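Undergrad: Sequence unavailable; structure follows:
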């Protein structure tokens with residue numbers, strides 16, 4: 001094993017992140033006081049996020065994948081991961097978080113209407129206004145004549161996944177920006193600015209910084225954190241995974257600042273590991289024929305690993321049916337995604 005590797009791809013948790021050297025001078029950030037380090041990811045957390053812990057443990061990157069993942073860690077650069085649906089793009093982020101003990105993966109799913117601010121923070125101005133009106137109309141408020149405390153605004157602000165990833169922390173968080181190719185044309189450039197600077201500002205808090213420089217708000221984990229002067233700046237740059245199914249091209253400035261990893265279609269060994277993680281140790285052998293059927297495709301045909309898992313799950317319940325039922329069901333569920341019926 002190469003000694004320089006921080007993430008080893010073994011699936012077993014270790015403290016290798018402590019050996020990560022200082023960042024390059026051009027990627028060195030000087031965020032404020034540290035927030036509490038994230039707790040190691042556990043079984044209940046992985047289930048809540050829809051992640052099979054065994055799948056994260058059994059994810060085995062190839063040699064090139066391993067080197068590029070570590071390059072992104074060393075250089076503090078986002079990792080742009082492209083490939084067909086089901087090739088393991090999202091699993092990669094969870095596998096790195098679990099092995100290196102970096103806590104819950106901060107997941108930001110992208111759709112065509114997503115804007116940068118949603119990833120940074122949300123401010124519920126309507127709820128604040130309603131609460132203030134109710135408070136002002138109460139008898140107690142009228143008698144006391146008290147005004148709203150400056151830090152009360154913190155109850156209405158919550159950091160998003162990207163905003164939480166940029167909090168100053170002792171260890172980097174893992175941020176999964178899922179399916180960036182589905183975004184509006186402006187989002188990649190907007191996102192690039194935040195990732196290049198490693199910081200962002202919350203104007204609602206900046207306006208009252210002189211009266212109350214430190215205000216408590218909640219992060220994406222639901223924990224209270226302190227924002228100083230309305231500004232959030234990281235200390236350890238997060239491990240950012242940007243996934244794309246290849247539905248669009250990205251601007252050159254984004255590509256230039258990312259480490260690009262192309263994941264090929266899962267081979268028989270990786271599919272077998274995935275099946276074992278979901279259905280048990282004997283499932284890969286028992287369903288070898290369906291796995292082979294999944295891999296048997298014409299050039300250009302696309303299939304998702306989800307189709308394979310669906311086929312195996314359903315055909316397990318058709319085991320005692322008439323001969324050929326399992327094969328027929330598997331064929332129907334594993335139709336190529338890019339070919340009309």
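TA: Sure, I can see it. Values in this document were obtained by computation on a predicted structure and should not be read as measured data.
Undergrad: from memory residue 73 sits against residue 23, does it?
TA: No. Counting by Cβ atoms under 8 Å, residue 73 does not reach residue 23; the two are 9.9 Å apart. Using the backbone N, CA and C atoms, a C-beta is placed for each residue, glycine as well.
Undergrad: neighbour count winner among those two?
TA: Neighbour tally, residue 73 and residue 23, criterion other Cβ atoms under 10 Å: the higher count belongs to residue 73, 24 against 16.
Undergrad: Which helix or strand contains the closest residue to the more buried one other than its chain neighbours?
TA: For residue 73, ignoring the flanking residues on the chain, the nearest one in space by Cβ to Cβ, 6 or more residues apart in numbering is residue 6 at 5.3 Å. Residue 6 belongs to no helix or strand when assigned by DSSP states H and E.
Undergrad: State the phi and psi torsions of residue 6.
TA: phi -90, psi -50 (degrees, to the nearest 10).
Undergrad: what sits against it?
TA: Residue 6 makes contact with 16-17, 19-20, 70, 73-74, 100, according to Cβ atoms under 8 Å, 6 or more residues apart in numbering.
Undergrad: Just the buried residues of the residues you listed.
TA: 16-17, 20, 70, 73-74, 100 (16 or more other Cβ atoms under 10 Å).
Undergrad: If we only consider the residues you listed, which is nearest to residue 59?
TA: Closest to residue 59 out of the buried ones among the contacts of residue 6 is residue 100 (12.9 Å), distances taken as Cβ to Cβ.
Undergrad: Which helix or which strand is home to the residue sitting nearest the centre point of the chain?
TA: By Cα atoms, centre = their mean, the mean C-alpha position of the chain lies nearest to residue 176, the distance being 1.9 Å. Using DSSP H and E, the element containing residue 176 is strand 174-178.
Undergrad: That strand pairs with which strands, and in what direction?
TA: In the sheet, strand 174-178 lines up against strand 106-109 (parallel), strand 239-244 (parallel) (DSSP bridges).
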